[in-house]
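Visitor: Got a sequence here, can you build the structure:
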Amino acid sequence: MRIVKLLPDRWRDYQAIRLEALRTNLDAFGATLEATLQRPEAWWRGVLETAQAEPNKTALFAETPDGIIGLAGAYPEQEPRCVDITSMFVTPSERGKGVGRALLQAVVDEVVAERVRLCVNASILAAVGLYERFGFVTLSESMGTRSRGGDGSGDNRGNGGCQSPRVRRPGMNAGS
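Guide: As a prediction, this is how the structure comes out:
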């Protein structure tokens, strides 16, 4: 497995893993499957182009010879020197094999920020455990509100499903 950035001409690979993520974990993301299915090719290409061009905005993918098995994104928050991680997903058959940890590490290594924040549905215990082992701590819990993020493409304030915003400060022990 390797962590890669996809060029815009691989937009179909991005689309496939994103749609799998939405089909697999309906409550984990701010975007809906129905809305995402309506997005044109230009939107998918644009996300990949922007992720490579803008500072502290990234879209990373876990790839094997068989295809894309995971994704993670990050973008700058309105708060200075803060980056939000979005769209963490690993194909169910590949979970528990270190893919999520590799994606999370790659995102944290790539961004330049004093704070890295994410929002997670607290009912997805494996994800919560990964983030805690990585050094994230709970800042607050809110039922059914999302402070940031679903699709890695911009501000999705107001979408439901996020239960535990978390933050990791650089220099913290990443855990095991």
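Visitor: Let me know the distance separating residue 123 from residue 24.
Guide: The gap separating residue 123 from residue 24 is 14 Å, by CB to CB, to the nearest Å. Heads up, the C-betas are built off the backbone N, CA and C, glycines and all.
Visitor: can you check residue 127 too?
Guide: Per CB to CB, residue 127 is found 12 Å from residue 24.
Visitor: Just want to know which of the two has more residues nearby.
Guide: When neighbours are counted by other CB atoms under 10 Å, residue 127 and residue 24 differ, and residue 127 comes out ahead with 21 against 12.
Visitor: what's near enough to touch the more buried one?
Guide: When the contact criterion is CB atoms under 8 Å, 6 or more residues apart in numbering, the partners of residue 127 are 28, 88, 100, 120-121.
Visitor: Please settle this for me: is it part of a strand?
Guide: No: with DSSP: H, G, I helix; E, B strand; the rest coil as the criterion, residue 127 is located in helix rather than a strand.
Visitor: And it, how close does it get to residue 5?
Guide: 23 Å.
Visitor: quick revisit: among the contacts of residue 127, which pair sits farthest apart?
Guide: Pairwise distances among these were taken by CB to CB; the largest, 14.4 Å, belongs to 100 and 121.
Visitor: So between the two, which is more surrounded?
Guide: Each of residue 100 and residue 121 had its neighbours counted (other CB under 10 Å), and the higher figure belongs to residue 100 (23 against 19).
Visitor: Could you point out which residue ranges in the protein have low pLDDT?
Guide: 27-28, 80, 140-176 (pLDDT under 70).
Visitor: mind listing the helices for it?
Guide: In the chain, the segments counted as helices under DSSP state H are 11-24, 33-37, 41-53, 99-110, 125-133.
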